[in-house]
Each structure stands twice: as C-alpha cells, then as structure tokens.
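Participant: Below are the sequence and a predicted model for it; my questions follow.
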Amino acid sequence: MKQGFFEIIENVPLTSNVYRMKLRGDTSDITAPGQFINIKLDGMYLRRPISVCDCDSEVVTIIYKVVGKGTEAMSKLKSGKLDVLTGLGNGYDTSLSGDKPLLLGGGVGVPPLYLLAKKLISEGKKVSVILGFNTKDEVFYKEEFEALGAEVTVTTVDGSFGVKGFVTDAAKDKDYSYYYTCGPEPMLKAIYKSLETSGQLSFEERMGCGFGACMGCSCKTVTGYKRICKDGPVLAKEDILWEK
C-alpha cells in the first residue's frame, strides 16, 4: 500500500450516473487487475474505495457510480489533487485461467474486468466478456472491451439491448475454461451456482479503513474469516461460504 497525491486529469460521465475519472500519480503499487484505490474527499470521514479500471506507469482510471454524498462530490470535481491510497486488495490471479477465460460483470462490477481482460489477452488467452445491465441506458464500455480483442456479449434485464436477461443466461452458450466475475452479491451467487468450472469472484463490501486494520469487512469462508479489503476482494470459488 502506498499513499500519494494524484492529479485529476479527466472526470466525465459515461451514463446518467456513472463517471470515469483519470488520475495522474505514482501507480507503482498497483500490480494486479482487481485491486482498488481508496480516495480521501474533503469533509468526508471515510475514504471511498473504487476499483481500478485501467492503469499504466503514471495514470490510473476508475469508473464509479453516484450513489451517495461521497460519489456525488466526486462527480463534481474537474481539477485539483486527491489523497489516494493505492495497491489495495489482492486482485485476480490470471495463472489459473486456462486458454478460454470468461469474464462476467454487472453494473459497476464491469470496470475491474477491463484491466483483467487486457492482461489475459496480452498472455495470449481467448477472452469472452459478458456485461450485464438493467437497461440500454446503463450500458458502458462495450466498445472498449471489443477494442482489446475480446468477444463481448451485453445483457439487459428489460431486453432493451443485447440478450434479454442476466449474465448467467448468456453464459449458457459459452465455451470457457475458467471464469472471473465482479458485481452485486445476488449476481455472484447466481454465477457460483450455475457455472460449472472453477473461478474467482470479486466482492463488494462496505469498508472502514480499506487495508485490513479495522476488521469491519470480514466475511466467513471455508478456511475462516477473511477481510474483503485485505484478503480479498477476490475470493476463489472453492473458498466461498454463502450465509444462509
């Protein structure tokens, strides 16, 4: 983990309530797709954890949804610097993917899969991506995944774009060796139950500190309690113990 100040170089809307922000600073502690950063905002007691969408040697890209006071304040920032913790979380392990990994993202669970897709494709893997949204107006980053060379399928619950239904509906026709996913817990549970191969699931959880000190985001697994911010947010399918 590293703390530093990052300059805002872009903060633009992708949909009515989803924004993309690009920050310039020291990104050296971001070492794996699926990690997140933690942003301090003026007047807010707790930092805001946001997953990393993309990263190079000096710029990190995040995509966030306006859901409360913190993200609403973020959406209005056009310039300046932010106090950011980087290199948080364990990230995805691409060594287990096999030749045909399947990536499934729901809503703002889509962004961390972009850097993952980029890494898997650079390793010579044939990547398929399923992006799930409620309606056509919420769809984002389809073209960006396609530009990487991934095969992309979009699902919408209301059928206004792509395949009508959920990501699990589109997954039925896919040939894949392993899966990676990120999204709301009901989606993760449905994927866990319906997809037959092994995989890695990234969990969303309310965090206090974001680096394992407060134990506020602990969850029970088959090997004991784990902290989503430190031991996760990515957990192996075999390690997950769903609460009844």
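Facilitator: Everything's here; your move.
Participant: what's the spacing between E146 and D26?
Facilitator: Distance, E146 to D26, by Cβ to Cβ, to the nearest Å: 31 Å. (Glycine included, C-beta is placed from N, CA and C.)
Participant: and those two? which has more neighbours close in?
Facilitator: Neighbours were counted for E146 and for D26 using other Cβ atoms under 10 Å; D26 has more, 17 against 12.
Participant: excluding its backbone neighbours, what's nearest the more buried one?
Facilitator: Using Cβ to Cβ, 6 or more residues apart in numbering and skipping the chain neighbours, the partner closest in space to D26 is G4 (4.9 Å).
Participant: now do M44
Facilitator: M44 sits nearest to G70 (Cβ to Cβ, 6+ apart), 5.3 Å away.
Participant: tell me, which strand in the chain spans the most residues?
Facilitator: Criterion DSSP state E: the longest strand present in the chain is strand 2-13.
Participant: what pLDDT, on average, does the helix or strand containing C219 get?
Facilitator: Under the criterion of DSSP states H and E, C219 resides in strand 218-221. Across strand 218-221, pLDDT averages out at 75.
Participant: helix or strand right after it?
Facilitator: Criterion used, DSSP H and E; the element after strand 218-221 is strand 224-227.
Participant: T135 against G162, yeah?
Facilitator: No - shown here, T135 and G162 do not form a contact pair, counting by Cβ atoms under 8 Å, at 10.8 Å.
Participant: Can you pick out the residue with more neighbours from those two?
Facilitator: Under the criterion of other Cβ under 10 Å, the comparison of T135 against G162 puts G162 first, with 19 against 12.
Participant: Just want the phi and psi numbers for the more buried one.
Facilitator: Per-residue torsions, G162: phi 70, psi -140 (degrees, to the nearest 10).
Participant: now swap in K100 and tell me
Facilitator: Phi and psi for K100, reported as degrees, to the nearest 10, are phi -130, psi 70.
Participant: how close does it get to I121?
Facilitator: Distance of K100 to I121, given as Cβ to Cβ: 12 Å.
Participant: list residues touching both of the two?
Facilitator: Residues touching both K100 and I121 (Cβ atoms under 8 Å, 6 or more residues apart in numbering) are V127.
Participant: what residues are up against the nearest residue to E10 once chain neighbours are set aside?
Facilitator: Spatial nearest neighbour of E10, chain neighbours left out: K22 (4.0 Å); criterion: Cβ to Cβ, 6+ apart. By Cβ under 8 Å, 6+ apart, the contact list for K22 reads I8, I9, E10, N11, V59, V60, T61.
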